[in-house]
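Student: Coordinates only, no sequence provided:
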């Protein structure tokens, strides 16, 4: 059974850092497109970062320069390191996975096949 399990969410002060983890089972992250989305209350789910099958990494404008997506093939886990956190980063963060998304919009949640349950990140001012 395919599962994506996120962890690492927490309450952190503005300017701090967090590392989120997405542990996958039932699929191999190195052979998948894996990404992170977030959703704040009463807002749409928005793209944060992704790593393509090619290894290329893509970030949203707000994540660029602050967040880093990476993977550990041995642990079949993808991480999102978030630095210089801001109150606007407060949201539930979701891991997503799919097959080859080379020719589709990574930023559209409807293009992704598998989702985790989410982990809460709260940034206090």
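Tutor: Perfect, thanks for sending it. Model, not experiment: these values are computed from the prediction.

Student: show me the residues around residue 53 that make contact.
Tutor: 31-33, 100-102 (Cβ atoms under 8 Å, 6 or more residues apart in numbering). Backbone N, C-alpha and C define where each C-beta goes, glycine included.

Student: go with 6 Å
Tutor: Under the criterion of Cβ atoms under 6 Å, 6 or more residues apart in numbering, the neighbours of residue 53 are 33, 100.

Student: where's residue 93 relative to residue 71, distance?
Tutor: In this structure, residue 93 lies at 16 Å from residue 71, with Cβ to Cβ, to the nearest Å as the measure.

Student: what bridges to the residue most central in space within the chain?
Tutor: What sits nearest the mean C-alpha location of the chain, by Cα atoms, centre = their mean, is residue 36, with 1.9 Å. With DSSP bridges as the criterion, the beta-bridge partners of residue 36 are residue 49, residue 95.

Student: Thought residue 80 was touching it, still the case?
Tutor: Yes. Residue 36 is within contact range of residue 80, at 4.8 Å (criterion: Cβ atoms under 6 Å).

Student: so where is this protein shaky, pLDDT-wise?
Tutor: Applying pLDDT under 70 to the chain flags no residue at all.

Student: distance of the residue nearest to the centre of the chain from residue 116?
Tutor: The span separating residue 36 from residue 116 equals 10 Å under the rule Cβ to Cβ.

Student: I'd like the distance between the residue of the chain most remote from its centre and residue 101.
Tutor: With distances taken as Cα atoms, centre = their mean, the residue sitting farthest from the centre of the chain turns out to be residue 125, at 22.7 Å. Taking Cβ to Cβ as the measure, residue 125 and residue 101 are separated by 35 Å.

Student: tell me the contacts of residue 91?
Tutor: Residue 91 is in contact with 38-40, counting by Cβ under 6 Å, 6+ apart.

Student: what do you get if the cut-off is 10 Å, keeping everything else the same?
Tutor: Contacts for residue 91 were tallied using Cβ atoms under 10 Å, 6 or more residues apart in numbering; they are 9, 37-41, 43, 45-46, 48, 118-123.

Student: Excluding residues flanking it in the chain, which one is nearest it?
Tutor: Counting by Cβ to Cβ, 6 or more residues apart in numbering, the nearest residue to residue 91 once its immediate chain neighbours are dropped is residue 38, at 3.8 Å.
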